[in-house]
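# Sequence and predicted model, in that order:
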Amino acid sequence: MSLRGDFFSYLAQTSQSPLGLEIESAQGQVLIGKNQRRYIDLISGISVSNLGHHVPEIIKAIEEQLHKHTHVLVYGELIQDVQVAFAKALIQELREPFEQVFFVNSGSEAVEGALKLAKRYTHRHEIVAFEGAYHGSTHGALSLISDENYTRPFRPLLPSIRRLRFNNIDDLKEISSDTAAVIVEPVQGEAGVRPAKPAFLEALRERCNETGALLIFDEIQTGFGRTGSLFAFQQYHVIPDILVLGKALGGGLPLGAFIASRQMMEKLTYKPPMGHITTFGGHPLSCAAGLAAFKLLLKKFPDLKVKEKSHLFQYLIKKHPFIKEVRASGLLIGMELINEEITQKLIHLLLENNIIADWFLFSPQTLRIAPPLTIDNETIIFVANTINQLLMHLEKYEQR
């Protein structure tokens, strides 16, 4: 059987229509498939490969760690220099109130850990989330989702979940002395790129202060330069109590983290001991890759000109009857079209033109544009012009 046949035979599928491309290698902003066919990567592994693919500094760091050791014991028991160095680098950049990092395997697990930490620290049970939010697919994270299409088949889910309307200040009065934590994305990703309004996040911070609820920022998709600052919360000047990271954190390898004050984190060490444990969390290879990527990002970030590239994309995409709205936060861009069918047709045509794009989980009519931050202006111009041409082609086809 062919590799493609084995893919469908032996790997459990997440949908009935995966892209199914055979990718043999990757370099920079390009994925390379069979017969050396080159695809422009417009989604960077869903905001994972922020610095592009096959980055020499990251590969070197992985190789050096590989020759030292890989897994040695469950996270938190042995002192491993690469874990310590990465945690220190993150805390030195984030500063107060963030003091300690708990490394896990993924963004979803980081959300789970943050929810447990909030309940343990506050001795409260209620979690507040927002309509349109996506925080992962594990059981607790899934419980936060408002879309019944995704949650109904897996009930019963976590109790004591309250969902409020995103960007609606009036709803914040529902946060109470029963609320352990409020979890929010500063930019809702899977809702199709919907940034929080500054006044909303400021009011949310104030309400959490009033009620004693902890504020959790989910920056799994927006972290590490994606929105034009190292972390999105830095643009809002609203500081959360717990920060959740994933995706780009590991420099292309699996890694997640939740970060808080030392006073909060110590609650996971007793009553019970090992209040949150993970076998492979903070894997040394992932930490080596993540640390190398973080150092490189800090060095290169001013020259990446994320906001300028975002503006160029938006400027070049021409107004078209099929486009309802273009929303952006740095190089996290959502181009909402008139319906899901048109969006899927555009994604298919882009793939035929060697461009890999995607859609958003809770906004399937919106095209995802989230390339590596290292994408060059020449490629942006090419991609935008191709999108414009394909929309004109689709319009003519639909009018037949």
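Ah, there it is. Residues are numbered from 1 along each chain as shown.

# Sort out which residues of stretch 201-211 are buried, please.
201, 203-205, 207-208, 211 (16 or more other CB atoms under 10 Å). Just so you know, the C-beta spots here come from the backbone N, C-alpha and C atoms, and that holds for glycine as well.

# For the residues you listed, give me TSV that also has distance to residue 366, secondary structure and pLDDT.
Listed next are the buried residues of stretch 201-211 as TSV, based on distance: CB to CB, whole Å; DSSP: H, G, I helix; E, B strand; the rest coil; pLDDT from 0 to 100:
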residue	distance to residue 366	secondary structure	pLDDT
201	22	helix	98
203	27	helix	98
204	25	helix	98
205	28	helix	98
207	30	helix	98
208	30	helix	98
211	34	helix	98
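
# Nearest to residue 325 among those residues?
residue 201 (21.5 Å; CB to CB).

# show me the contacts for the closest one.
For residue 201, the contact set (CB atoms under 8 Å, 6 or more residues apart in numbering) comprises 184, 186, 236, 238.

# Report the two of the residues you listed separated the most.
So, those by CB to CB: farthest apart are 184 and 236, at 10.7 Å.

# Looking only at neighbour counts, state which of the two leads.
Applying other CB atoms under 10 Å to residue 184 and residue 236 shows that residue 184 carries more neighbours, namely 24 against 21.

# Give the bridge partners for the more buried one, please.
Taking DSSP bridges, one finds residue 217 as the beta-bridge partners of residue 184.

# Quick check: it vs residue 41, distance?
Distance, residue 184 to residue 41, using CB to CB, to the nearest Å: 29 Å.

# Kindly report the same for residue 290.
To residue 41, residue 290 is 20 Å away according to CB to CB.

# again with residue 157
To residue 41, residue 157 is 34 Å away according to CB to CB.

# Contact partners for the residue nearest to residue 172 when sequence neighbours are not counted?
In space, residue 172 comes closest to residue 207 once its chain neighbours are excluded; the distance is 4.5 Å by CB to CB, 6 or more residues apart in numbering. Shown in contact with residue 207 (CB under 8 Å, 6+ apart): 172-173, 175, 213.

# I'd like the next helix or strand past the helix or strand containing residue 295.
According to DSSP states H and E, residue 295 maps onto helix 284-304. Sequence order places helix 306-316 as the next helix or strand after helix 284-304, per DSSP H and E.

# and after that following helix, which helix or strand comes next?
Next along from helix 306-316, by DSSP H and E: strand 323-329.

# now that following strand against helix 306-316, angle please.
170 degrees (axes from the mean of the first three to the mean of the last three CA atoms, to 10 degrees).

# And strand 323-329, what's buried?
Those would be 323, 326-329, for strand 323-329 by 16+ other CB under 10 Å.

# cool, stretch 221-239 as well?
Those would be 221-233, 235-236, 238-239, for stretch 221-239 by 16+ other CB under 10 Å.

# Can you show me the CA trace of it as CSV?
Taking Å, rounded to 0.1, in the frame of the first residue of the first chain, the C-alpha atoms of stretch 221-239 are listed here in CSV:
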residue,chain,number,x,y,z
GLN,A,221,-1.9,31.1,19.9
THR,A,222,-1.0,34.8,20.4
GLY,A,223,2.3,34.4,22.2
PHE,A,224,5.9,34.8,20.9
GLY,A,225,5.5,37.7,18.6
ARG,A,226,2.4,36.6,16.7
THR,A,227,0.4,39.8,17.4
GLY,A,228,3.2,42.3,17.0
SER,A,229,4.5,42.3,20.6
LEU,A,230,6.2,39.4,22.4
PHE,A,231,3.0,38.7,24.2
ALA,A,232,-0.4,40.1,23.4
PHE,A,233,-1.1,41.2,27.0
GLN,A,234,1.8,43.7,26.7
GLN,A,235,-0.3,45.7,24.1
TYR,A,236,-3.2,46.0,26.5
HIS,A,237,-1.3,46.9,29.6
VAL,A,238,-3.5,44.4,31.5
ILE,A,239,-1.5,41.8,33.5
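
# Residue numbering should commence at 39 henceforth.
Let's use 39 as the start, then, which means that last one is stretch 259-277.

# So what touches it?
With CB under 8 Å, 6+ apart, stretch 259-277 has contacts from 84-85, 88, 131-132, 135, 223-225, 227, 234, 236, 239-240, 242-243, 255, 257, 278, 281, 283-287, 331-332, 335-336, 339, 342, 344-345, 348, 367-370, 408, 411.

# Return a selection command, for use in PyMOL, containing the buried ones of these.
Selecting only the buried entries of those in PyMOL, with 16+ other CB under 10 Å as the criterion:
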select buried, resi 85+88+132+135+223+224+225+227+234+239+242+243+255+257+278+281+283+284+285+286+287+331+332+335+339+342+344+348+367+368+369+370+408+411
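
# where are the low-confidence patches of this protein?
Residues of the chain meeting the criterion pLDDT under 70: 437-438.

# ok, residue 166 - contacts?
Here residue 166 is in contact with 199-202, 212-213, 217, 219-221, 251 (CB under 8 Å, 6+ apart).

# What subset of the residues you listed is buried?
For the contacts of residue 166, buried by 16+ other CB under 10 Å: 199-202, 213, 217, 219-221, 251.

# Closest one of those to residue 62?
Nearest to residue 62 among these, counting by CB to CB, is residue 221 at 38.9 Å.

# picking up where we left off before, make CSV from the contacts of residue 245 and add secondary structure and distance to residue 95 to it.
Below are the contacts of residue 245 laid out as CSV (DSSP: H, G, I helix; E, B strand; the rest coil; distance: CB to CB, whole Å):
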residue, secondary structure, distance to residue 95
210, helix, 43
211, helix, 49
213, coil, 43
251, coil, 41
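
# what's the helix or strand for the most centrally placed residue in the chain?
The chain has residue 259 as the residue nearest its centroid, 1.8 Å off, counting by CA atoms, centre = their mean. Element membership for residue 259 (DSSP H and E) is empty, with no helix or strand holding it.
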